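**Q** Whatever this is, show me its structure:
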Amino acid sequence: QVQLVESGGGLVQAGGSLSLSCAASGSIFRINDMAWFRQAPGQERELVAKISSFGITNYVDSVKGRFTISRDTAKSTVYLQMHSVKPEDTAVYYCNAEVVRSDYTDYEYWGQGTQVTVSS
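**A** The predicted structure follows:
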């Protein structure tokens with residue numbers, strides 16, 4: 001089995017910074033894409049940023065220039081650095097990973113979610 005464990009959420013003032021991390025563990029052969037999603041109350045879950053195994057990144061337009069996604073392949077960990085945060089960034093943030101397991105089967109995993117609240 002594979003688990004994704006997130007950390008780093010919390011309360012931050014508008015204009016401030018916050019960092020999230022997500023570590024994968026378990027029967028992992030390889031991790032392909034890793035990503036961060038978020039879901040605000042009453043809204044659908046949306047992709048915030050994604051990073052491929054080659055380090056290629058893409059972002060939703062609303063966070064471009066403010067958020068940075070990165071990964072440490074050796075640690076099976078993905079990070080999200082959030083700068084110049086805005087109240088509209090308030091949401092539960094979820095880590096996502098496409099994992100090739102030790103038995104060579106592919107599966108998509110989700111973290112438990114971490115709350116990010118930006119005060120105005």
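
**Q** Kindly state the beta-bridge partners for the residue nearest the centre of the chain.
**A** The centre of the chain sits closest to residue 36, judged by Cα atoms, centre = their mean, with a distance of 2.7 Å. Partner residues in beta bridges with residue 36, using DSSP bridges, are residue 49, residue 95.

**Q** quick one: furthest residue from the center of the chain?
**A** Distance from the centre of the chain peaks at residue 103, with 25.1 Å (Cα atoms, centre = their mean).

**Q** need the strands for the chain, in chain order.
**A** Secondary structure of the chain, counting by DSSP state E: strands at 2-7, 10-13, 18-26, 28-39, 46-51, 57-59, 67-72, 77-82, 91-101, 106-110, 114-119.

**Q** which other residues reach the shortest one?
**A** Around strand 57-59, the neighbours that count as contacts under Cβ atoms under 8 Å, 6 or more residues apart in numbering are 48-51, 67, 69. To be clear about C-beta, it is placed using only N, CA and C from the backbone, and glycine gets the same treatment.

**Q** Give me the sheet partners of that strand and which way each runs.
**A** Here strand 57-59 has these sheet partners by DSSP bridges: strand 46-51 (antiparallel).

**Q** Check the last one too.
**A** Listed by DSSP bridges, the sheet partners of strand 114-119 and their directions read strand 10-13 (parallel), strand 91-101 (antiparallel).

**Q** okay, now the closest residue to residue 96 other than its chain neighbours: neighbour count?
**A** Leaving aside its chain neighbours, residue 96 sits nearest to residue 35 (4.5 Å; criterion: Cβ to Cβ, 6 or more residues apart in numbering). Residue 35 sits with 22 neighbouring residues when counted by other Cβ atoms under 10 Å.

**Q** and residue 35, what pLDDT?
**A** pLDDT, residue 35: 98.

**Q** Next one: it from residue 79, what distance?
**A** 12 Å (Cβ to Cβ, to the nearest Å).

**Q** Could you pull out the residues contacting both of these two?
**A** residue 69.

**Q** returning to that earlier point: including mean neighbour count and mean pLDDT, could the strands paired with strand 114-119 go into TSV?
**A** TSV is the format used below for the strands paired with strand 114-119 (neighbours: other Cβ atoms under 10 Å; pLDDT from 0 to 100):
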stretch	mean neighbour count	mean pLDDT
strand 10-13	13	97
strand 91-101	20	97
